[in-house]
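*Asks:* quick check, what structure comes out for this input:
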Amino acid sequence: MPLVRIDLAEGTPAGYRAAIGDVVYRAMTGVLNVPEDDKFMVISEHAPGDLIVDPDYLGIHRTADAVVIQVTLNEGRTVAVKQDFYRAVADGLHERIGLRREDVFISLVEVKKENWSFGNGEAQYA
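*Replies:* Residues are numbered from 1 along each chain as shown. Here you go, the predicted model:
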């Protein structure tokens, strides 16, 4: 059900990108209660100047290594669950690849269930 978009600066090794995807996926299944095998991700690298992340918004200092993670998912999770997810991703990325927690930007986009088609021109959740 979720669609994940991960954007980061160009030049990262394939294993680094895969680790980011894995950490996000594990947090989705472990915290957001996403079913196993429900994995749809787009990971994109961007040239300098094509990924713009404010270096100090809200007093959080970000570096050029900042990663932007956007998850589109069904609506209905509590604020506490969302906060647990943010923490799980930031902590997981820090532990797994050494990414600073300050460099993890996450946006959740909630949609109604009928807004998905997983193939065959059908709205499987409608």
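*Asks:* residue contacts, R77?
*Replies:* Listed by C-beta atoms under 8 Å, 6 or more residues apart in numbering, the contact partners of R77 are 32, 110. In this view, the C-beta of every residue, glycine as well, is placed from N, C-alpha and C.
*Asks:* quickly note the distance from it to Q70.
*Replies:* Look at R77 and Q70: by C-beta to C-beta, to the nearest Å, they are 15 Å apart.
*Asks:* again with G98
*Replies:* 22 Å.
*Asks:* between these two, who's got more neighbours?
*Replies:* More crowded of G98 and Q70, by other C-beta atoms under 10 Å: Q70, with 15 against 9.
*Asks:* all the strands of this protein, in order from the start?
*Replies:* 3-9, 41-46, 67-74, 104-111 (DSSP state E).
*Asks:* so which of these gets nearest N120?
*Replies:* strand 3-9 (17.3 Å; C-beta to C-beta).
*Asks:* could you count how many residues lie near F85?
*Replies:* 21.
*Asks:* repeat that for V53.
*Replies:* For V53, using other C-beta under 10 Å, the count is 17.
*Asks:* which residues touch the nearest residue to it once chain neighbours are set aside?
*Replies:* With sequence-adjacent residues excluded and distances taken as C-beta to C-beta, 6 or more residues apart in numbering, V53 is closest to A66, at 4.3 Å. A66 makes contact with 8-9, 51, 53, 103-105, according to C-beta under 8 Å, 6+ apart.
*Asks:* from H46, how far off is A66?
*Replies:* 11 Å.
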